[in-house]
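>>> can't give you the sequence, but here's the structure:
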């Protein structure tokens, strides 16, 4: 088997081309009022981004394009090689009024890396495949990392056919077909564990760690577990005027205490984020004491022991509030996605690439979920983060400096070259 | 002017007829699943209740029926007399899935009192007029005590024409016309201050005061002021995973603190009810720290000094939470309806009637709004309350024992006879 040495002259990515492609993609789904991006799953922006990607991949990069049954977009380079491919990419969809960088930059950098390899005539041991996943972001079908969940078997055809747009009622399967997928064959999109050599994803950090350290890039060691509950507080709806304080069973006041006590769990546990993001009040009239509140808890950590500690605290909080306020509190687990360590081979290759590019070797956990967590069930997966200015994400203010993007692209290329050399 | 003495033989209301009429009206809009009443403004139940009332008023009671432009239903007895009429009644509409007693019993008792006067051939100094008001309850047109607000000039034609059903979009003016009103002539429904001698309303208490004392009836001394604000808490929406506690500006946690501190105002002030009944979270996604919360405050008291004290406390709370949590809190007054004392002549007449019926003289304030508060702008107004079992109201569990209804009806009749005698 031929092993290509890393060339002594450093191969450089093309910054101008990278930023030009990014600028083009950033026009697609652009909300001209807010400056944000609207490329939610199935939207016009999603469709147009796919058209743009296919055009560049075909006409500029001469990749073989393939759309799998869940509508993930694949582009392969040198597929004829014997070894299993190294796959890399991210997603092009966004949340409503989201940022330009989240997902998109992971696709753009992957494209730039392939183009650089190609025009430098680097002979790779592994075929390379780029992917842009379907529906990574939370969306109106209430499913995220959709494309990679199907690839790794976390969702099958039956699951997909149960989902529909909560606003329009359109079936997810229809949306998938409209995006070029084939909903009838979704189960055949599932991949076998032996089909890839590795998976690599670039993403913006979406937090403030690198910004606070004023550093450009980090290797992800583990992707957070995400645990969610739906909690219902059942008090007693009653007249806001005639019901004395001592006779109230105000579900909203009980839920308010719950929110504050839940927030305080972050002081009690280390490296754990917990958030009440949704809260609905019933009946929801100005003159009626709330009888029922339904809220969600989102808890994230890479440390199972911290999660267990938080759940014990949560149970104590719930018991106490129920007793003190005479309300009933019902808990229902809605999601229990375990933390997913990234592969040490990929982390080490990335660390070598940091050194090569005169970057400090920074390792961190990801507190956001990513497609890479699903891909890690199938292959050696790794993620590269770049600095998010002020930590903003999922909003128009999301920003990563061009300097950091270029460093990330170069590290990404070098990581790929190292992995190509080192992995079987 | 002929002054009729109170007859020495006590005139008694007809319990059987009263309860029969109540049972009949309770079938109209009955929700057979919950046992509650659906007679919201403009609903089938509202329409059918009007048909039933008109039939009984015309065929059994032989009243002259008149529907005014805002669709209040009037029935007059002995209108030919020279003095200005004593008006009495309540409303037949309900909240969605409300109780059988709220409003309806005030109309039924008024009917029974007229019938008793009539069949006992009592010669009254004043004409008597019964009224069932349009749209007293909160409804989907977002206006309550609609009929009496128009009578006293708090709402005019222009105001009415701006309102529409928040669910269906139907104009309120159209609904009024469908109920037999005449929306084009709404301004002519406004009454002059000199047109009535007094206004009397029976209502269930909707609170626990009489229930706790195990007493039947009370005279209302004052109807609560209602003050409402819409408060917007502006934090910063951000990623639930990647945003550390120290970087969060969680609008929901700030609003939760606000809810608890607002609740505590009830411990600091006397005879004041304060409630957060509505609360909306934006963007409202499990994985996003809330960036904005909009909530309503409903504050009620008959004591202006307590209201002022509460508003000072509220401003302190808002300032402190803004500072501690780095959020912006915007306040907007939505309603500032002053407390409305009932007329002392009516209260005294009621007290005499209590004594006559061997009831303790109990006086209390009303913490709910009523049509009587609007009628008090036009004439000497008073209200009689009867015990609500367990204080339940606006729900299927609303209940007042027949024993207490009969006592109330008898007190009501005697109050009317006293007022007829005493007032000019």
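Thanks, I have it. Worth saying up front: this structure is predicted, and the values here are computed from it rather than measured. Residues are numbered from 1 along each chain as shown, chains lettered A, B, ... in the order given.
>>> can the lowest-mean-pLDDT helix or strand in chain A be found next to chain B?
Least confident helix or strand of chain A, by mean pLDDT, DSSP states H and E, is strand A:238-239 with a mean of 90. Yes - residues of strand A:238-239 contacting chain B under Cβ under 8 Å from any Cβ of the partner chain: A:238-239. Where you see a C-beta, it was placed from the backbone N, CA and C, and this is true even at glycine.
>>> Need the contact partners of that strand.
Outside strand A:238-239, the residues that touch it by Cβ atoms under 8 Å, 6 or more residues apart in numbering or on different chains are A:247-249, A:287-289, A:291, B:206-207, B:367-368, B:391-394.
>>> From those, which land in strands?
Residues from the contacts of strand A:238-239 lying in strands, with DSSP state E as the criterion: A:288-289.
>>> Look at residue A:333 and give its secondary structure.
Going by DSSP: H, G, I helix; E, B strand; the rest coil, the secondary structure assigned to residue A:333 is strand.
>>> Equivalent analysis for residue A:299, please.
Recorded secondary structure, residue A:299: strand (three-state DSSP).
>>> now residue A:275
Residue A:275 carries the three-state label strand when classified by three-state DSSP.
>>> how about it, what does it touch?
Neighbours of residue A:275 in contact, by Cβ under 8 Å, 6+ apart: A:297-299, B:240, B:250, B:286-289.
>>> burial count for residue A:161?
As a burial measure, residue A:161 scores 14 neighbours (other Cβ atoms under 10 Å in any protein chain shown).
>>> I'd say it and residue A:174 touch.
No - the pair residue A:161 / residue A:174 is not scored as a contact, 10.1 Å apart, by Cβ atoms under 8 Å.
>>> Could you spell out the sheet neighbours of the least confident helix or strand of chain A, each with its direction?
If you go by DSSP bridges, strand A:238-239 pairs up with strand A:288-289 (antiparallel).
>>> ok, and what's touching the partner strand?
Contacts with strand A:288-289, where a contact means Cβ under 8 Å, 6+ apart, come from A:235-240, A:243, A:248-250, A:252, B:275, B:277, B:394.
>>> quick one: that strand to chain centroid distance?
Relative to its chain's centre, strand A:288-289 lies at 40 Å (Cα atoms, centre = their mean, to the nearest Å).
>>> Can you pull the residues that touch both of residue A:161 and residue A:174?
residue A:183.
>>> residue contacts, the residue most central in space within chain A?
Central residue of chain A (Cα atoms, centre = their mean): residue A:370, 3.0 Å from the mean position. Residues counted as contacts of residue A:370 (Cβ under 8 Å, 6+ apart) are A:136, A:145, A:201, A:203, A:223, A:383.
>>> can you tell me the helix or strand for residue A:257?
Counting by DSSP states H and E, the element that carries residue A:257 is helix A:251-268.
>>> gap between the closest residue to chain B within the stretch 51-200 of chain A and residue B:287?
At 5.9 Å from chain B, residue A:138 is the closest residue in the stretch 51-200 of chain A, using Cβ to the nearest Cβ. Here residue A:138 is placed at a distance of 6 Å from residue B:287 (Cβ to Cβ, to the nearest Å).
>>> Please enumerate the helices of chain A.
Along chain A, the segments classed as helices by DSSP state H run A:15-26, A:44-55, A:104-119, A:146-151, A:157-161, A:172-178, A:209-213, A:251-268, A:304-325, A:344-356, A:371-375, A:402-422.
>>> Using a markdown table, lay out those helices together with mean pLDDT and distance to residue B:121.
Output for the helices of chain A, formatted as a markdown table (pLDDT from 0 to 100; distance: least, Cβ to Cβ, whole Å):
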| stretch | mean pLDDT | distance to residue B:121 |
| --- | --- | --- |
| helix A:15-26 | 98 | 89 |
| helix A:44-55 | 98 | 80 |
| helix A:104-119 | 97 | 89 |
| helix A:146-151 | 98 | 81 |
| helix A:157-161 | 98 | 77 |
| helix A:172-178 | 98 | 76 |
| helix A:209-213 | 96 | 90 |
| helix A:251-268 | 98 | 55 |
| helix A:304-325 | 98 | 58 |
| helix A:344-356 | 98 | 101 |
| helix A:371-375 | 98 | 88 |
| helix A:402-422 | 97 | 97 |
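>>> looking at these, which is closest to residue A:33?
With Cβ to Cβ, the closest approach to residue A:33 among those belongs to helix A:44-55: 14.4 Å.
>>> Show me which residues of that closest one are buried.
A:45-50, A:52-54 (16 or more other Cβ atoms under 10 Å in any protein chain shown).
>>> got it, and stretch A:266-282?
Neighbour-count burial for stretch A:266-282 flags A:266, A:269, A:272-282 (criterion: 16+ other Cβ under 10 Å).
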